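1. What follows is a predicted structure for the sequence shown.
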Amino acid sequence: MITLIALIITIVGALNWLLIGISGFNLVSWITMGSDIAQRIIYILVGVAGAWLVYFIIRKKGRVDEHFPAGDRGGAAD
């Protein structure tokens, strides 16, 4: 469950960077209404989520199949 939450947080962080790169729009700043403390908390959460995913990939040696069964991937089974 923690890995799924980390994945969602990391995706939101990546989408924020995409918006900044394309249009200069900072989603985090907009969501937090410019609160520096709230922005720092969100950026810390994104960083921790990314670090967790790096740890998860190293721990699983790149294999995530046993954590995300074939039925959960949305594709056909191998």
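-> Received, thanks. In this text the structure is predicted, and so the values were computed from the model without any measurement. Numbering: from 1, shown residues only.
2. in the chain, which spans are strands?
-> Per DSSP state E, the chain carries no strands over any range.
3. So which residue is dead centre in it?
-> Thr10 (1.2 Å; Cα atoms, centre = their mean).
4. Test my guess that it contacts Val48.
-> No: with contact defined as Cβ atoms under 8 Å, Thr10 does not count as touching Val48 (9.8 Å). Where you see a C-beta, it was placed from the backbone N, CA and C, and this is true even at glycine.
5. residues in contact with the residue nearest to the centre of the chain?
-> Val46, Ala49, Gly50, Leu53 (Cβ atoms under 8 Å, 6 or more residues apart in numbering).
6. Neighbour count added to those residues, as a markdown table?
-> Shown next, in a markdown table, are the contacts of Thr10 (neighbours: other Cβ atoms under 10 Å):
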| residue | neighbour count |
| --- | --- |
| Val46 | 20 |
| Ala49 | 21 |
| Gly50 | 16 |
| Leu53 | 15 |
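7. Quick one: those as TSV, columns for pLDDT and distance to Arg63 too.
-> Shown next, in TSV, are the contacts of Thr10 (pLDDT from 0 to 100; distance: Cβ to Cβ, whole Å):
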residue	pLDDT	distance to Arg63
Val46	96	25
Ala49	96	20
Gly50	95	19
Leu53	93	14
